[in-house]
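# here is a sequence together with a model predicted from it:
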Amino acid sequence: MHLHIIYTEQEMLLSKRVYSSWQEIQVEFTDYKASLGPWTEEEIIEYLADEYSDLEPSAEQQVASLVSSMQLAYKLSFRRK
């Protein structure tokens with residue numbers, strides 16, 4: 001399965017929806033800023049673990065939650081400061 005990381009003005013999301021381009025993502029999310037992907041689950045986990053050490057639960061757990069669910073998108077959660 002390939003996933004996208006989607007950055008919006010308000011949140012950071014993972015999506016398992018298939019997009020043909022970043023423009024298609026921008027249409028879906030009106031506050032779209034940027035996106036990465038499509039990447040494999042392993043690539044997403046590695047990137048998130050390297051770049052966002054404050055993810056809670058871990059990148060691996062959050063990716064697994066999305067992959068195993070019926071949801072198409074998942075809002076990433078971070079440790080409160």
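Received, thanks. A quick note: this is a predicted structure, and the numbers were derived from the prediction, not measured.
# where exactly do the strands run in this protein?
2-8, 12-15, 32-40, 73-75 (DSSP state E).
# give me the sheet partners of the first one and which way each runs.
Strand 2-8 has its sheet partners listed here by DSSP bridges as strand 12-15 (antiparallel), strand 32-40 (antiparallel).
# turn the strands of the chain into CSV, including mean neighbour count and mean pLDDT.
(Glycine included, C-beta is placed from N, CA and C.) Shown next, in CSV, are these (neighbours: other C-beta atoms under 10 Å; pLDDT from 0 to 100):
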stretch, mean neighbour count, mean pLDDT
strand 2-8, 19, 98
strand 12-15, 21, 98
strand 32-40, 15, 98
strand 73-75, 16, 96
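# of all these, which lies closest to residue 26?
With distances scored as C-beta to C-beta, the stretch of the strands of the chain nearest to residue 26 is strand 32-40 (4.3 Å).
# please tell me how far the residue most central in space within the chain sits from residue 32.
Geometric centre of the chain, nearest residue: residue 14, 2.0 Å, by C-alpha atoms, centre = their mean. Residue 14 is 15 Å from residue 32, where distance means C-beta to C-beta, to the nearest Å.
# having no further points to raise, I will conclude here.
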